[in-house]
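In: sequence and computational prediction follow.
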Amino acid sequence: MSLFSRTAFIAGVSVLSLAGCATGAAPAPSPDAQPETIQLSNCGVAVSFDEAPERVITIKSSTTELLLALGLGDRIIGTAFHDGPVPDEWAAEASGLTSIAERVPSQEAVLDREPDFIFGGWESNFSADGAGERADLEALGIHTFVAPSACQSAEQPPKLSFDDVFSDIETVASIFRVDASALLTEQAAQLAAIDANGDSRTALWFSSGSDTPYVGAGIGAPQLLLDTVGLNNLAADIDATWAPYNWEAVVDADPDFIVLVDADWNSADKKIGILEANPATANLSAVKAGRYLVVPFAASEAGVRSVDAAASLSAQIAELDG
Amino acid sequence: MAKVSPLAFGAALAIALLVSVTVAVTIGPANIRFDEVWRSIASHVGFGVSPLTELRDGIVWQLRMPRVLTAAAVGAGLALSGAVMQAITRNPLADPYLLGLSSGAALGAVSVLLLGAAVLLPFAAFLGALLALALTLLLAGSLGAITPSRTVLAGIAVSALASAITSFVIFWSVTGDSYREVLSWLLGSLSGARWPAVAITMTAIIVIGIPVMLTGRLLDSFAFGDVQAASLGVNVSATRWGLLAASALVTGAMVSVSGAIGFVGLILPHAVRLIVGPSHRALLPLSALLGAVFLVWADTLARTVFDPREIPVGIVTAMIGAPLFAVLLTRRKSST
């Protein structure tokens, strides 16, 4: 499995950087360190960065949190589309950030702040009725970037892996000319320590919906997290990141666990209510026994909280297993 | 074209409906055998013991059975409303969808769902449908004599307005990705149909639908114009508004459960006319039966073709109905 090679690689990087520390030459990120232009293809759009962005607007919690994790909080001039509470480690810094829109900001709301970079969690954040088309923003001198794992129109990862997640983090770090190796070393170590205690039991990743459940399917972050903890996704065969599913198939499979995504705007408790109110799903063994695993929405999308989300799933399974 | 005897066609449709329901409940993503499905259903009406586990029994009795029955009732209700409206407005293009009733009902229902107005859902949908219908007819009337094309144009205007307000309500109040649920419902979906939905739609069919089905003779007198109808002793105005209100009530009950499903009310009465002729005494009950059979199968397609995903049934009815509608238009052209 490629996970091992990645872990080994990260471990190698960490040894080097530790050696660097030992000689007293702490790697100080500076714009001069990598003066060359960074050229990337992002969801099929060519983007290039001559210098590190200074005035950044983030859309979706996943992008805000990634920049905070990379120590780039001071570059953020505005955030939008907050999905839920920020983890404690970044909460203090996050509280100082300005939210410019509850959901996707409009073009004017974005331009008004005069950013030089907009970092979107979803491709759809960049549209004429959202923050603006990417080409239009580029013409105004504003670079755009979509979390690569969220690409749908082009360059969608065939099946998301932690290699992809980590390489996304490295890519973003490279745009800002900062070093992600410490963060990635920490993440790789945490990932390696996760106990795959799902033991091939089955799980439904219940993201939203009531009449028609919208579930985590076979190629996105939900599948990756379930794989990591050793759970078999009910919707693994659907070639999509998330997909509308069918209650009959859920009841037929009677999953061992149900993963509930907890968002500010669609809580885990609400989903438990939906499961209990439907007479067919109320009889599911996971519902009767309360075998729910809860994932915060912001951690359910690929990013800097993916490893933590997998670790949390594993811990919740251990707790339920008693 | 030789017409089929209404009685023979009716008997064939009744058998087809029975067979459709019987077969449709045995089709689904879960692999449950035909005999197991029916022994499970029998156990719920007091015969024998279900051979299935409690959970799989739930698939049959809590998911499939109410959904198939609701599909039958909604199909019957929409086709009946369409037939009645076509007769009353003497407009072959009339149907709950085109005349704005469905959009009005959807607006009423969405307002209740999202804004939490303290009214029962079917009642709100009924009020919305009635209001939209009244608006459509008033608008059509104010343009001059009520002709089919004026009515449809007025319906489009009212429908567009109701849809815009619905979109506004949704845009304003929907959070996160819950738009997905509302969208599915607006496209017309039976995925949420449980026993309460069966109760609402069946009650509407029995209490309002069946009496309406028996008004065929009255509607036949309308066919030759208001004056002719009045000369036959029909209270034209009271009958017209009474039947339109009944159609709105039936449509409201159906839309509150299924969202706006298009083309059922428009196409099926025409199909029946082609087969048995224009007499409303036969047309109304036969349209209802054919509508029931049609929607049972359309919904079975919607929930099984992309198994285990499902699509809103309104997409299926539109994909079948829109081409038929086009054929209908070209036939009208060649006949005038």
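Out: Happy to help now that I have it.
In: phi, psi of the closest residue to residue B:268 other than its chain neighbours?
Out: Leaving aside its chain neighbours, residue B:268 sits nearest to residue B:79 (4.2 Å; criterion: Cβ to Cβ, 6 or more residues apart in numbering or on different chains). Bear in mind the C-beta positions are built from the backbone N, C-alpha and C, glycine included. Per-residue torsions, residue B:79: phi -70, psi -40 (degrees, to the nearest 10).
In: now swap in residue A:93 and tell me
Out: Here is the backbone geometry of residue A:93 (degrees, to the nearest 10): phi -70, psi -40.
In: and residue A:141, how many neighbours does it have?
Out: Neighbour count for residue A:141, taken as other Cβ atoms under 10 Å in any protein chain shown: 9.
In: what's the mean pLDDT across stretch A:158-166?
Out: The predicted model assigns stretch A:158-166 a mean pLDDT of 93.
In: got the CA positions of it in PDB?
Out: Provided in PDB are the C-alpha atoms of stretch A:158-166 (Å, rounded to 0.1, in the frame of the first residue of the first chain):
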ATOM      1  CA  PRO A 158      -9.500   8.700  -9.100                       C
ATOM      2  CA  LYS A 159      -9.700   7.500  -5.500                       C
ATOM      3  CA  LEU A 160      -8.600   9.800  -2.800                       C
ATOM      4  CA  SER A 161      -5.600   8.600  -0.800                       C
ATOM      5  CA  PHE A 162      -3.600  10.100   2.100                       C
ATOM      6  CA  ASP A 163      -0.900  10.700  -0.500                       C
ATOM      7  CA  ASP A 164      -3.300  13.100  -2.200                       C
ATOM      8  CA  VAL A 165      -4.300  14.700   1.000                       C
ATOM      9  CA  PHE A 166      -0.600  15.300   2.100                       C
END
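In: can you give me the buried ones in that stretch?
Out: A:160, A:161, A:162, A:164, A:165, A:166 (16 or more other Cβ atoms under 10 Å in any protein chain shown).
In: gap between that stretch and the chain center?
Out: Using Cα atoms, centre = their mean, to the nearest Å, the distance from the centre of stretch A:158-166 to the centre of the chain it belongs to is 11 Å.
In: now stretch B:38-48
Out: When distances are taken as Cα atoms, centre = their mean, stretch B:38-48 is centred 29 Å away from the chain's centroid.
In: which other residues reach that stretch?
Out: Contacting residues not belonging to stretch B:38-48 are listed as B:22, B:25-26, B:32, B:49-52, B:56-57, B:60-61, B:65 [Cβ atoms under 8 Å, 6 or more residues apart in numbering or on different chains].
In: picking up where we left off before, so what's the residue count around the residue nearest to residue B:268?
Out: Neighbours of residue B:79 (other Cβ under 10 Å): 31.
In: and it, what does it touch?
Out: By Cβ under 8 Å, 6+ apart, the contact list for residue B:79 reads B:264, B:265, B:268, B:269, B:287, B:288, B:290, B:291, B:292, B:294.
In: give me that answer again for 10 Å
Out: Contact analysis of residue B:79 by Cβ atoms under 10 Å, 6 or more residues apart in numbering or on different chains lists B:95-96, B:264-269, B:271-272, B:284, B:286-295.
In: pLDDT at it, what is it?
Out: On pLDDT, residue B:79 comes in at 95.
In: same thing with residue A:17?
Out: Residue A:17 carries a pLDDT score of 39 in this model.
In: for the residue nearest to residue A:263 when sequence neighbours are not counted, what are its contacts?
Out: Nearest non-adjacent residue to residue A:263, counting by Cβ to Cβ, 6+ apart: residue A:297, 3.6 Å away. Residue A:297 sits next to A:60-62, A:83-85, A:207-208, A:261-268, B:176-177 when contact means Cβ under 10 Å, 6+ apart.
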